[in-house]
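J.: here are the coordinates; sequence isn't available:
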């Protein structure tokens, strides 16, 4: 990964991270987080996401620098760091109420956002008088998130939570809501890139202990030399404008110059700009426009940009005006469709999801 030209004390707009540690617990991470907003830290199990978060928080050894503003915070240790980590399992004092747990969260520097902003985003007021044993798993994780956010002043780190699928999704939506209100960045780990891409347009990719690259979702997803395009959860974001609502089917139609995308009903008025997420799984390619029996909204004319063999499949990147897609096809389909860069085909979309923010 390209090294950053910064030096401690020079001033950084965001958080510039440059950390390393030798094998066997290898770590090599060089990237810069924006001044605020949510960033997804993606990678497979064992890629080093958790180790990186713990190293930034000062809980694991690493050499290098972590520069925010005019200061290098590397090596300060967890008790003096302005960064807070939400662990995979909530760490709360079991004998104290949620309110008492939150009152113990003391920032190491002058607080950069009010407690009301943090607690208002997470909506956990009704939990203040309860003890952790009285909470369900999601409530416990939200209480731990609130405590970490109250202690952070420069960066909030969120581990992959030990929650089931639906509950984990709700928790991450709360993280995204909170990140939109904080004056510092939030780095959130996610093994499934689709979960991260739905909530943020910026990713950092971890692979074998190395932060290989960072950038917008589509830039990383469409790179055939990176492992993200191989993941079953690979997806791209598409920006469009709300065109209309289908009240009978509780759907919203989002249009751009590439075509129309149908998603579950959005609380947005026609004319509002929004992003949708198009998973690679479920995309089918046709040589000719779909017939009348197929929804015209799902048959997008696209052009093949690149192809790469992956196991028994081919990964195909596709483009249309204001649209970039990723698809998987068999070797037989590649041959029958005569797929090659520059060829026009038609994409039948499977499930399309609303994207956050």
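T.: Perfect, thanks for sending it. On a predicted model such as this, the values are computed, not experimentally measured, just so you know.
J.: give the buried residues for the strand or helix carrying residue 64.
T.: With secondary structure defined by DSSP states H and E, residue 64 is part of strand 63-69. Taking 16 or more other Cβ atoms under 10 Å as the neighbour-count basis, strand 63-69 is seen to contain the buried residues 64, 65, 66, 67, 68. Any C-beta I mention is one placed from the backbone N, CA and C, and that applies to glycine too.
J.: check these for the minimum pLDDT and say which it is.
T.: In this model, the minimum pLDDT among the buried residues of strand 63-69 belongs to residue 68 (93).
J.: ok, it - contacts?
T.: Neighbouring residues of residue 68 by Cβ atoms under 8 Å, 6 or more residues apart in numbering: 12, 14, 15, 16, 82, 154, 155.
J.: next step: those residues restricted to strands.
T.: 12, 14, 15, 16, 155 (DSSP state E).
J.: lowest-confidence entry in the residues you listed?
T.: The lowest pLDDT within these belongs to residue 12, with 56.
J.: sorry, back to before: what mean pLDDT does the helix or strand following the strand holding residue 64 have?
T.: The element immediately downstream of strand 63-69 (helix or strand, assigned by DSSP H and E) is strand 71-72. Here the mean pLDDT over strand 71-72 is 94, rounded to a whole number.
J.: pull up the pairing partners for strand 71-72, direction included.
T.: Paired strands of strand 71-72, with direction, are strand 63-69 (antiparallel) (DSSP bridges).
J.: gap between the strand it pairs with and the chain center?
T.: Its chain's average C-alpha position is 23 Å from that of strand 63-69, according to Cα atoms, centre = their mean, to the nearest Å.
J.: same check, this time on stretch 305-325
T.: Taking Cα atoms, centre = their mean, the mean C-alpha location of stretch 305-325 is offset from the chain mean by 21 Å.
J.: measure that stretch end to end?
T.: The stretch stretch 305-325 measures 10 Å between its terminal residues, going by Cα to Cα, to the nearest Å.
J.: so, low pLDDT: which residues of the stretch 251-357 of the chain?
T.: Counting by pLDDT under 70, the stretch 251-357 of the chain has low-confidence residues at 291-298, 357.
J.: okay, angle between the helix or strand residue 18 falls within and strand 63-69 too, please.
T.: Taking DSSP H and E as the criterion, the element that holds residue 18 is strand 12-21. Note on geometry: by axes from the mean of the first three to the mean of the last three Cα atoms, to 10 degrees, strand 12-21 and strand 63-69 are set 170 degrees apart in direction.
J.: number of nearby residues for residue 285?
T.: Residue 285: 22 surrounding residues under other Cβ atoms under 10 Å.
J.: not counting its neighbours along the chain, what's nearest it?
T.: Using Cβ to Cβ, 6 or more residues apart in numbering and skipping residues adjacent in sequence, the residue nearest residue 285 is residue 345, 4.8 Å away.
J.: that neighbour should be in a helix, yeah?
T.: No: the assignment for residue 345, made by DSSP: H, G, I helix; E, B strand; the rest coil, is strand rather than a helix.
J.: so what pairs up with it in the strands?
T.: As for beta bridges, residue 345 partners with residue 302 under DSSP bridges.
J.: hmm, residue 300 and it touching each other?
T.: No: contact criterion Cβ atoms under 8 Å: residue 345 and residue 300 do not qualify, at 9.5 Å.
J.: of these two, which one has the most company?
T.: Of the pair residue 345 and residue 300, residue 300 is the one with more neighbours under other Cβ under 10 Å, namely 24 against 21.
J.: what sits against the more buried one?
T.: With contact taken as Cβ under 8 Å, 6+ apart, residue 300 is in contact with 258, 259, 320, 323, 325, 346, 347, 349.
J.: nearest to residue 233, of those residues?
T.: residue 325 (14.8 Å; Cβ to Cβ).
J.: just after whichever strand or helix holds that closest one, pick out the following helix or strand.
T.: Secondary structure here is read from DSSP H and E; on that basis residue 325 sits in strand 323-330. If you walk from strand 323-330 toward the C-terminus, the next helix or strand you reach (DSSP H and E) is helix 331-337.
J.: which other residues reach that following helix?
T.: Contacts of helix 331-337 (Cβ under 8 Å, 6+ apart): 285, 286, 287, 307, 312, 313, 314, 316, 329, 339, 343, 345.
J.: same check, this time on stretch 251-261
T.: Residues outside stretch 251-261 that contact it (Cβ under 8 Å, 6+ apart) are 238-246, 262-266, 268, 274, 276, 278, 296-297, 299-302, 320-323, 349, 352, 354.
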